[in-house]
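> Sequence plus predicted model, see below.
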Amino acid sequence: MVTLAVDCMGGDHGPSVTLLACKQFLQAHPDAQLLLVGLPQALDHFHHPRASVVSATEVVTMDDPLEVALRRKKDSSMRVAIEQVRDGKADAAISAGNTGALMAIARYVLKTLEGIDRPAIAGQFPNAKGGATTMLDMGANVDCSPQHLLQFALMGTALVSVLNGDENPTVGLLNIGEEDIKGGENTKKTAELLRSAAKSGDLNFYGNVEGDDIFHGTVDIVVCDGFVGNVALKASEGLASMVGGFLKKSFSVNIFTKIAGIIAYPALSGFKKLVDHRRHNGAALLGLRGLVFKSHGSADALAFEVALSRAYDAAHHQLLARVERRLAHAAPLLAAAMAAETIA
């Protein structure tokens, strides 16, 4: 049995979405059980032989400051769900709540793995090959050193080996051009570290990639700092929303737009499905001593179920152990990178 702890109160919709997703998830995964964490009065009506309620008396809202979420709301559904992982009662925790609060609480409760300075958020973007490109960091770390980006690449490699069943996924470094001479000093130093990691067999470095490579599926993993990664995430979500809005308007304005909409509908409908971020929901918080997954705050039942399934796959295929093995194998390179950064 894989056990998941679910923050049922988090996100824009709370139990009205999370409980429906949990029901659908349990039907599709007979070897999984859920710990439903939240206010008992909101969850007691949910009955399933493989689900039990874990009480929490507080809820972290989407606009709670970190200080409130971390220091004052010590019995929040978000924190209690993560504590189930720490205490060995659950294999992974999932929340659609406040991203900053989730990262802060997860880092405080679980601590970071040896060899990791900063945990990263790894999300997926749909690509033209019909699969997804994993990208990290997605917003946890704005300023990243070459050493941090190397750590992200190693953890991302472990994640994709679980999601895609590929033990040697390709890693690209996001840059303003493919040539080695492009980019700032930080990017060039990162590329050197990634090339060294490739030579030592720690990862499969493709080289520099550009923004359009994310959606072409040129590589399996794209590494960047959290500022750039978060901008890319919001842009892709905006694109999907724009296509959906166009499809809706095409049948409600006038006869000419209706005709145009009818003609374009098959292609646009397929494109909308391809870029639908709901089908790639569930970002992993990597670098912690436990598995935590972040669902989009506005997730509907379909999207939240996808996040649950992603957490299930990670636990089932022992993602945490894979990350630890990657870090252990790359320990000499990480130590050398840290020493060089300290001297610099």
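Noted; the coordinates are in hand.
> does the residue nearest to Ser309 when sequence neighbours are not counted sit in a helix or strand, and which one?
Sequence neighbours aside, Phe25 is the residue nearest to Ser309 in space, at 6.6 Å (criterion: CB to CB, 6 or more residues apart in numbering). Where you see a C-beta, it was placed from the backbone N, CA and C, and this is true even at glycine. Of the helices and strands defined by DSSP states H and E, Phe25 is found in helix 15-28.
> Whichever helix or strand comes after that helix - what's its average pLDDT?
Scanning forward in sequence from helix 15-28 by DSSP H and E, the next helix or strand is strand 32-38. When pLDDT is averaged along strand 32-38, the result is 98.
> from the middle of its chain, how far away would strand 32-38 be?
20 Å (CA atoms, centre = their mean, to the nearest Å).
> then it to PDB, C-alphas only?
This file holds the C-alpha atoms of strand 32-38, laid out as PDB (Å, rounded to 0.1, in the frame of the first residue of the first chain):
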ATOM      1  CA  ALA A  32      -3.300   3.200  -2.300                       C
ATOM      2  CA  GLN A  33      -4.800   4.600   0.900                       C
ATOM      3  CA  LEU A  34      -5.300   8.200   1.800                       C
ATOM      4  CA  LEU A  35      -5.000  10.200   5.000                       C
ATOM      5  CA  LEU A  36      -7.500  13.100   4.600                       C
ATOM      6  CA  VAL A  37      -6.200  16.000   6.700                       C
ATOM      7  CA  GLY A  38      -8.400  18.900   7.600                       C
END
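> Offset the numbering so it begins at 27, please.
Got it, first residue is 27 now, which makes that one strand 58-64.
> Show me what that strand is packed up against.
Counting by 3 or more CB pairs under 8 Å, 6 or more residues apart in numbering; DSSP states H and E, the packing neighbours recorded for strand 58-64 are strand 28-33, helix 41-54, strand 77-81, helix 103-112.
> Now do the helix or strand following that strand: everything it contacts.
Downstream of strand 58-64, the next assigned helix or strand under DSSP H and E is helix 66-69. Helix 66-69 has contacts (CB atoms under 8 Å, 6 or more residues apart in numbering) with Cys34, Met35, Gly40, Pro41, Leu45, Leu62, Val79, Ser81.
> Just the buried ones from those residues, in ChimeraX syntax?
With 16 or more other CB atoms under 10 Å as the criterion, this ChimeraX line picks the buried residues out of the contacts of helix 66-69:
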select :34,35,40,41,45,62,79
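> Serialize the contacts of helix 66-69 to CSV and add fields for distance to His343.
Formatted as CSV, the contacts of helix 66-69 follow (distance: CB to CB, whole Å):
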residue, distance to His343
Cys34, 25
Met35, 28
Gly40, 30
Pro41, 29
Leu45, 26
Leu62, 24
Val79, 28
Ser81, 31
